[in-house]
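Participant: Sequence first, predicted coordinates after that:
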Amino acid sequence: MNFDISVNNQSSDVEEITDEDQKPPTNENPYGTAEPIMELTKNCPCTAIIDKDYTKEFNNSNIKYCNCYDGIPEFVEVLFKCKRKNIFKNSNQLKFQYGEIVVVEVENGLDIGTVSACGRAADDKLRTNYNNSLNINLKVLRHATKDDYEKHMNNLEDDKYVTQKAKEMILKYDFEMKITDAEWQYDHQRLTIYFTAPSRIDFRELVKELARTFKTRIELRQISTREEAKRMGGMGSCGRVLCCSTFSCDFNHVTLEHARTQQLSNNVAKLSGYCGRLKCCLLYEYNNYVEAFKRYPPLNSQLVMPEGLARIIKADVFKDIFYLYIESVSIYKTITLAEVEELMNSGRLVVPKDEIAPLPVDFDENLEELKKLEEN
């Protein structure tokens, strides 16, 4: 996480909430490196340090994320490093700002994270993403102070050293695994190291050496390639930051059925994402296609045309246009939905017996290679 605050003469991106008439920085740095003053504001009942790395992803951040939540929420969702999330109780009756950094209670100590949802938004996520769990015993302890922030930034710097040290140990033991990231718990009671590997690995000796080196509880956690891409971040083929590293923090299973329904080609490069698996965005318009195809005859249906029997090979759900192939004269033709409905009403439509939409024309090519993209 990056913040707009100065620590040890190094500027980073943490914003301290001050009065509405806050004076501009006196130094030449456009982002400011002067020490901010911790104080209450007219519109903000709490002293907050804002995670601008979280809020900057939204175009409406100045509207949605610069005001406190109106009321005292019962539950708060907190976002940690690498997009980990969890729900916490607000037992201390605190007020929060979206994007605010807070200190929370975890199973074996304290941790620090960013408020990503509270109030009704947190309640909705509790029902949908957390299965309405009633065993929420962990709570938010307090708003983060300047000392908390400085310690957190030091932990983030230590994470880089831990990652490098773990990579050196991997070479020593000659394990077939890749260290992707490390994460210190705020109070240093636990150190989590994330890795990817093609199979299970007996790393008991590695854990012992890591524990001797860092003198804390060690957790080695194997993650999927999707999770690795989410943690590493990057740019998608659309030119935007990866969905999984911004707003989409939960993974849903994506299959070839989603690509088949949307009549996409079998181009592996276009169907696969940064992680080497099927793109998560294949899910975004899937339901629209399913609903649209309920109004259409199945693909591969035959229409009796003046030129001969024509087979429906593709449908454009946005323009309501059908693409036909007339085998007798080997030509392609397009007709509208209204024309298809007219042919259906006159009994000139022959529906295939199985009534199952086939793969697009070239989808069965390299099918085995495409199936590999379904793996998590």
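Facilitator: Received, thanks. Residues are numbered from 1 along each chain as shown.

Participant: distance between the ends of stretch 197-216?
Facilitator: With CA to CA, to the nearest Å as the measure, the ends of stretch 197-216 fall 24 Å from one another.

Participant: And stretch 313-324, by the same measure?
Facilitator: Across stretch 313-324, first to last residue, CA to CA, it's 6 Å.

Participant: what does stretch 125-138 give?
Facilitator: End-to-end span of stretch 125-138 (CA to CA): 16 Å.

Participant: How about stretch 221-240?
Facilitator: Stretch 221-240 end-to-end distance (CA to CA) = 29 Å.

Participant: Flag every buried residue along that stretch.
Facilitator: 223, 225, 226, 227, 228, 229, 230, 231, 236 (16 or more other CB atoms under 10 Å). (Glycine included, C-beta is placed from N, CA and C.)

Participant: just curious, which of those residues is nearest to residue 162?
Facilitator: residue 231 (14.5 Å; CB to CB).

Participant: Burial check on the nearest residue to the closest one once chain neighbours are set aside, number of neighbours?
Facilitator: Nearest non-adjacent residue to residue 231, counting by CB to CB, 6 or more residues apart in numbering: residue 82, 4.4 Å away. When neighbours are counted by other CB atoms under 10 Å, residue 82 registers 21.

Participant: swap in residue 346?
Facilitator: Residue crowding around residue 346 was assessed by other CB under 10 Å; the count is 9.

Participant: shift numbering so it begins at 252
Facilitator: From this message on, residue numbering opens at 252, which makes the last subject residue 597.

Participant: Looking at it now. What's its pLDDT?
Facilitator: For residue 597, the model assigns a pLDDT of 88.

Participant: Need phi/psi at it.
Facilitator: Here is the backbone geometry of residue 597 (degrees, to the nearest 10): phi -90, psi 10.

Participant: Residues in a beta bridge with residue 486, which ones?
Facilitator: residue 492 (DSSP bridges).

Participant: Quick check: the gap between it and residue 492.
Facilitator: Per CB to CB, to the nearest Å, residue 486 is found 6 Å from residue 492.

Participant: mind showing which ranges of the chain have poor pLDDT?
Facilitator: 252-298, 302-321, 382-386, 500-501, 605-627 (pLDDT under 70).

Participant: Centre-most residue in it?
Facilitator: residue 495 (2.2 Å; CA atoms, centre = their mean).

Participant: so that one, which of the three states?
Facilitator: Of the three states, residue 495 takes helix under DSSP: H, G, I helix; E, B strand; the rest coil.

Participant: which residue packs closest to it, ignoring adjacent ones?
Facilitator: With sequence-adjacent residues excluded and distances taken as CB to CB, 6+ apart, residue 495 is closest to residue 481, at 4.0 Å.

Participant: looking at this, the one you found is in a strand?
Facilitator: No. Going by three-state DSSP, the assignment for residue 481 is helix, not a strand.

Participant: in the helix or strand hosting residue 592, what's buried?
Facilitator: For residue 592, the element it lies in under DSSP states H and E is helix 588-596. For helix 588-596, the neighbour count (16+ other CB under 10 Å) marks 588, 591, 594 as buried.

Participant: didn't the last one look like it was pressed against residue 600?
Facilitator: Yes. Contact criterion CB atoms under 8 Å: residue 594 and residue 600 qualify, at 5.5 Å.

Participant: Pull up the overlap in contacts between these two.
Facilitator: 554, 555 (CB atoms under 8 Å, 6 or more residues apart in numbering).

Participant: now residue 342, nearest residue through space, not along the chain?
Facilitator: residue 390 (4.3 Å).

Participant: For that neighbour, which residues are in contact?
Facilitator: 339, 340, 341, 342, 343, 355, 356.

Participant: hmm, try it at 10 Å
Facilitator: 326, 327, 339, 340, 341, 342, 343, 345, 355, 356 (CB atoms under 10 Å, 6 or more residues apart in numbering).

Participant: count of neighbours near the third one?
Facilitator: I take that to be residue 339. 23.

Participant: just how off-centre is the longest helix seen in the chain within its chain?
Facilitator: As assigned by DSSP state H, the longest helix anywhere in the chain is helix 397-424. In terms of CA atoms, centre = their mean, to the nearest Å, the centre of helix 397-424 is found 24 Å from the chain centre.

Participant: just stretch 511-520 next, same as before
Facilitator: The chain centre lies 22 Å from the centre of stretch 511-520; the measure is CA atoms, centre = their mean.

Participant: And that stretch, what's buried?
Facilitator: Neighbour counts over stretch 511-520 (16+ other CB under 10 Å) mark 511, 512, 513, 514, 517 as buried.
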